[in-house]
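Undergrad: Mind looking at a prediction? Sequence and model below.
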Protein chains: 4
Amino acid sequence: MTIDVAVFGAGRIGTIHAANLARQPGVRLKYVVDVNSAAAATLAARHGARVADRDGAMGDAAIGATVICSSTDTHADLILQSAAQGKHVFCEKPVDLTLARARACADAVAQAGVVCMIGFQRRFDPTFSALKARVDAGEIGVPEMLVVTSRDPGAPPVDYLRHSGGIFKDMLIHDFDIFRWMLDDEADTLHATGSCLTDPAIAAVGDIDSAAVTIRTKRGRLCQINTTRRAAYGYDQRFELLGSEGMLQAGNVRPTEVTAYTKQAVSNDVPEAFFLERYRAAYALEIAHFLDAVTTAKPVRTTVADGMKALELAEAATLSWKEGRIVTFGERAV
Amino acid sequence: MTIDVAVFGAGRIGTIHAANLARQPGVRLKYVVDVNSAAAATLAARHGARVADRDGAMGDAAIGATVICSSTDTHADLILQSAAQGKHVFCEKPVDLTLARARACADAVAQAGVVCMIGFQRRFDPTFSALKARVDAGEIGVPEMLVVTSRDPGAPPVDYLRHSGGIFKDMLIHDFDIFRWMLDDEADTLHATGSCLTDPAIAAVGDIDSAAVTIRTKRGRLCQINTTRRAAYGYDQRFELLGSEGMLQAGNVRPTEVTAYTKQAVSNDVPEAFFLERYRAAYALEIAHFLDAVTTAKPVRTTVADGMKALELAEAATLSWKEGRIVTFGERAV
Amino acid sequence: MTIDVAVFGAGRIGTIHAANLARQPGVRLKYVVDVNSAAAATLAARHGARVADRDGAMGDAAIGATVICSSTDTHADLILQSAAQGKHVFCEKPVDLTLARARACADAVAQAGVVCMIGFQRRFDPTFSALKARVDAGEIGVPEMLVVTSRDPGAPPVDYLRHSGGIFKDMLIHDFDIFRWMLDDEADTLHATGSCLTDPAIAAVGDIDSAAVTIRTKRGRLCQINTTRRAAYGYDQRFELLGSEGMLQAGNVRPTEVTAYTKQAVSNDVPEAFFLERYRAAYALEIAHFLDAVTTAKPVRTTVADGMKALELAEAATLSWKEGRIVTFGERAV
Amino acid sequence: MTIDVAVFGAGRIGTIHAANLARQPGVRLKYVVDVNSAAAATLAARHGARVADRDGAMGDAAIGATVICSSTDTHADLILQSAAQGKHVFCEKPVDLTLARARACADAVAQAGVVCMIGFQRRFDPTFSALKARVDAGEIGVPEMLVVTSRDPGAPPVDYLRHSGGIFKDMLIHDFDIFRWMLDDEADTLHATGSCLTDPAIAAVGDIDSAAVTIRTKRGRLCQINTTRRAAYGYDQRFELLGSEGMLQAGNVRPTEVTAYTKQAVSNDVPEAFFLERYRAAYALEIAHFLDAVTTAKPVRTTVADGMKALELAEAATLSWKEGRIVTFGERAV
């Protein structure tokens, strides 16, 4: 049995997902939809698909699943439309920049009974998921403290930042998801602070480029996240989880295992350049997971609820930073 | 333009090459040939190909290239037949267990004017080829000394070993090719010694499981290779090249970047399990290189001549070990 | 010229300092003072010194310098007495548990014109001081973010903790000093939170065993510190400093450079067991630095003012944690 | 009880041993002997010792032990004289450049019943001795293969090389001792080859600067040693031991644990600069071991017999290289 899929968005991430879909047995990439019709045409041609507009793709009853990689402001509408048409949905993070609309999406897919998976691809990274499996197997006892280092090699254009929802929603949302996944607990209090240290233009649009977040969970576990938009040495994605009986670290991945010895230093490659390279395997595995969930009705690892929880944390962090105060959950602070 | 390909051999390595061929644009995997017809049928089905017998595949004028992954004793015949039919050839190492037949293959493909590439996949490993590029760029000055560690996780069945040509032809042939590639020179003298330390059954078929080879090149450069059929910790594939201005090491690749801290140790994953995992990227890249050479007429990186040179070294090593003497090249010692 | 020294305190750290003093040229360890007379006698005997009581040692005009390693509640009195007698002072951290008394000490040594150095030995650790020198040389541009991991292998007895001043004054005071040293800036706001996760007896004396601190500096630089009293894998002392042009990490030191490969893992030694081992070189270097300052009148690297600043941060952290609020400096919040 | 010691030789290594002796309880460094009287005076002054000439020191019945760090050609005479006077002896490697004289020394110390220890300090290196202890504890099963990398940062002056006995006696003698210690077996066959690649002046005095040695033991175990006089990146001292159940590696030691991340690379310190730094701990531990043997009559870890065995291997290697042949032991090939 073959499932027909429509991909919305022919940009960087749509291109990745389309290629991974094309490699899956039992999948036919039928449509590529993008307002940039040249991009849509190029991507469609590469995989023997057709260009369609939004309603054309959504209206085709043969389409069993949609893969949403278009801009953030279109996510919620496309999810709602997919649910209305009874199509399964894979949607890039975030679900939406507001909790209210994210909640509406959660309700809609629940009612429609369709699979809806959010693209927190890090949960499928071989290093991260192996680490999680070892934690679950009890290797380090009870988790106590998580330290996340999440740094981009460079900031996106200021025009993008202006509509991004800010560093916490745009960038740290992944780390908030890692926090919940790794500590297996929910936030009780959150403190965030930050600065604009790399480019005043970022401050000019009301955002920051450097941030430090601390979360204390309901069970008293601790999490610290540090981030920057501009790490001169590249894309830095590490975390470490301290447990009662040991610690597990997830390190960066490097392109090659060459070590050079010179008069000055012993040196290795810098980490993989950016998310497309770093999470190449993760992207393939998450799409396979989605298709497996669609065909076997197994639950997905990253649900709309996960997307909402991460968004809640991002909103709390934004509030904490802007108002210079500690945010407490439970009393529905956000 | 699309090239039709026939794969000979549906075993482990044939399966790898077939999958990589199927992923290449401009390639159609038309036939799978194997004396084990069930294996041929399974592999053919997976990629929409047909099962054929040897003459059927070779006789089809539409087949532009053959990919030979069948048992070593069939290599030379299939190369000769491909050349006779004007088909380009990719052939797994070794070309043959005898130099005479390897030479016949070299002559045949030269006369036929077809591309013939030998499967020394290590030259396409991202770590190894990055290292080579850095050497060629002069990063460590003039190469002086190469140390190769090449260890298998376990010996193949004794029945296989009986017909393998011995540890030097079967296993170290790859390392002899690395030697020539890295030191960019030819052997002047060679000394090999070894022992049977892991399983007396290996000695019973006249072979050894542990070996140490030293080569001194025409220009006085030195190379040491150490090997075992049974490294308890897995597949170990490293080398290091000392130059006049520094050193470059090629390290093992590990499945994940998880580091565990316990009361006892700080530990990482063991290396990738065996050659199929370790050289996954290399296999994909070498097939792409072959197809590129076929379509663009660029020279291949691993020629029949390279295969013959590696075989010469393997024969010399066998002689050195068996007769307990140093073999000198140039005077055509072998 | 030889300087006569009196050591106060013959415990773990007094023993270390006495041995390092004994190794310095130009130094005579004349007295060991300790309420535990057996301990004093043992240590004195080892280095050819005499046991004295406090007034005896302080009253000897020949004593040029005191080295204070006795319990925290005696530090301020001994500093004041040393200053009154015109003796140079080396004193273990903290100066005192209250800022008022620490300030009195600062005033007294300034008036007396004696050298007074506080035992922040980490500033003399070869790894940490090499890193600092590279930062000062501009290797990573402008410092932006510091992440400190500071974990003990196990908590001291609860009786000790009861009088320790709490985790921030007793344990993190070193890290607060690292913060000031590395970011070369002062705190603007501080947030601390924590939990008692390893032993309820620690909560019973009003303390915590796990803490997370975030500091934002006057210049907007960020610092996160994470700590635990009980890291199952040992003593963990690392930090990393992100700058505008790169990052420098200070890693743990391990007893040997043995790497083991087994079927299960590739593993190395756990870090040095605890502070006496980890900072062995640092202790020797700080005593040499002190004696150099005494004889050459060069300024010391770790002054009473540094001790006070670290204590201010520890008090602010205690307040932040206890009252669940962000502490702001400048308005003299503490 | 205190033992009086005379040190012969006030050069680099004599300076090291004198300082380590001075730090030992129960030892009095009484005399320093050197033909360079200024050097002797400086070293003696530093440790409160006196300058003596050879016969003066040897003739003093109060001297219980001699520490011989003078030039190689004086070793045997000084050992013989020490033995004749009933003094215990610590002597730097090599015992002598000829086996006959080394044998005479062995006989003399045996007859005199004095302790005689040879300065193979590597056996006291914390990393190397920890590795050996783990091998002895069975951690990797039965040893099968040893790979030794032993590279100097630069060649000594050619005038020194002229009288050094050649690379195998002067430099690899340490590695031959490591071989015997680690594989716990004796050589059956040995092959050595080499080249002069770094400086023609070395060839002009009949020596080489790059060498590769292979030894097969009586039990069929294998050892490969590679060396150079000039590693551009510094002093490189590693080995790895493969056993039936795993592998242990001894890595280089680096001055600090700083890791730097830049746009170009992730880099660490190069190894400790040369033997004085790399084996600082080993030198202290071997002198303590010697004094312990002298006072407790426990056997020493590195005997004259060990010195002779290493010399035998060095002679065999020289022969193998010069004559281009494999040397077989047992038939007393050397």
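TA: Alright, I've got the coordinates.
Undergrad: Quick one: distance of stretch A:135-152 to the chain centre.
TA: How far stretch A:135-152 lies from its chain's middle: 18 Å, per Cα atoms, centre = their mean, to the nearest Å.
Undergrad: same thing with stretch A:11-29?
TA: Centroid separation for stretch A:11-29 versus its chain: 17 Å, with Cα atoms, centre = their mean.
Undergrad: same deal with stretch A:95-115?
TA: 17 Å.
Undergrad: show me the contacts for the spatially most central residue of chain A.
TA: Centroid check for chain A by Cα atoms, centre = their mean gives A:F120 as the closest residue, at 3.4 Å. Counting by Cβ atoms under 8 Å, 6 or more residues apart in numbering or on different chains, A:F120 touches A:93, A:174, A:177, A:302, A:306-307, A:310. C-betas here are computed from N, CA, C, even on glycine.
Undergrad: let's go with 10 Å and repeat that
TA: A:F120 makes contact with A:92-94, A:173-174, A:176-178, A:180-181, A:282, A:286, A:301-303, A:306-307, A:310, according to Cβ atoms under 10 Å, 6 or more residues apart in numbering or on different chains.
Undergrad: what about it, distance to chain C?
TA: In this view, A:F120 and chain C are 23 Å apart by Cβ to the nearest Cβ, to the nearest Å.
Undergrad: Would you indicate which residues of stretch A:239-251 are buried?
TA: Neighbour counts using 16 or more other Cβ atoms under 10 Å in any protein chain shown place A:239-243, A:246-251 of stretch A:239-251 among the buried residues.
Undergrad: Identify the single longest helix in chain A, thanks.
TA: Counting by DSSP state H, the longest helix found in chain A is helix A:304-323.
Undergrad: Now that helix: average pLDDT?
TA: Throughout helix A:304-323, pLDDT has a mean value of 97.
Undergrad: And the next helix or strand past that helix?
TA: strand A:327-328 (DSSP states H and E).
Undergrad: so what does that next one touch, helix or strand wise?
TA: Contact here means 3 or more Cβ pairs under 10 Å, 6 or more residues apart in numbering or on different chains; DSSP states H and E; on that basis strand A:327-328 packs against strand A:187-195, helix A:304-323.
Undergrad: Can you tell me which of the ones you listed is packed in deepest?
TA: strand A:187-195 (a mean of 24; mean count of other Cβ atoms under 10 Å in any protein chain shown).
Undergrad: Contacts for whatever helix or strand comes next after that strand, please.
TA: Next helix or strand after strand A:187-195 toward the C-terminus (DSSP H and E): helix A:200-204. Residues from elsewhere that reach helix A:200-204 (Cβ under 10 Å, 6+ apart): A:155, A:157-158, A:161-162, A:167, A:195-197, A:207-210, A:229-230.
Undergrad: Out of those residues, which end up buried?
TA: For those, a neighbour count by 16+ other Cβ under 10 Å gives the buried set as A:155, A:161, A:167, A:195-197, A:207-210, A:229-230.
Undergrad: Among these, name the ones in strands.
TA: In strands, judged by DSSP state E, the following of the buried ones among the contacts of helix A:200-204 are found: A:195, A:210.
Undergrad: Tell me which of the helices and strands packed on strand A:327-328 sits nearest to chain D.
TA: Across the helices and strands packed on strand A:327-328, chain D has its closest neighbour in strand A:187-195 (20.6 Å, Cβ to the nearest Cβ).
Undergrad: Please identify which of the helices and strands packed on strand A:327-328 is closest to chain C.
TA: Nearest to chain C among the helices and strands packed on strand A:327-328 is strand A:187-195 (3.5 Å), distances taken as Cβ to the nearest Cβ.
Undergrad: quick check: angle from that closest one to helix C:304-323?
TA: Here strand A:187-195 runs at an angle of 140 degrees relative to helix C:304-323 (axes from the mean of the first three to the mean of the last three Cα atoms, to 10 degrees).
Undergrad: if you average pLDDT over strand A:187-195, what comes out?
TA: Here strand A:187-195 scores 98 as its mean pLDDT.
Undergrad: Kindly state the pLDDT recorded for A:G26?
TA: A:G26 is assigned a pLDDT of 87 by the prediction.
Undergrad: I meant to write A:A297 there.
TA: On pLDDT, A:A297 comes in at 86.
Undergrad: What is the burial count for it?
TA: Counted with other Cβ atoms under 10 Å in any protein chain shown, residues neighbouring A:A297 total 8.
Undergrad: what sits against it?
TA: Residues in contact with A:A297 (Cβ under 10 Å, 6+ apart) are A:V115.
Undergrad: With distance to A:L80 as extra columns, can I get the helices and strands packed on strand A:327-328 in TSV?
TA: Below are the helices and strands packed on strand A:327-328 laid out as TSV (distance: least, Cβ to Cβ, whole Å):
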stretch	distance to A:L80
strand A:187-195	28
helix A:304-323	11
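Undergrad: Output these as TSV; include the columns distance to chain C.
TA: Formatted as TSV, these follow (distance: least, Cβ to the nearest Cβ, whole Å):
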stretch	distance to chain C
strand A:187-195	4
helix A:304-323	9
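Undergrad: If anything else comes up later, I'll come back, but that's it for now.
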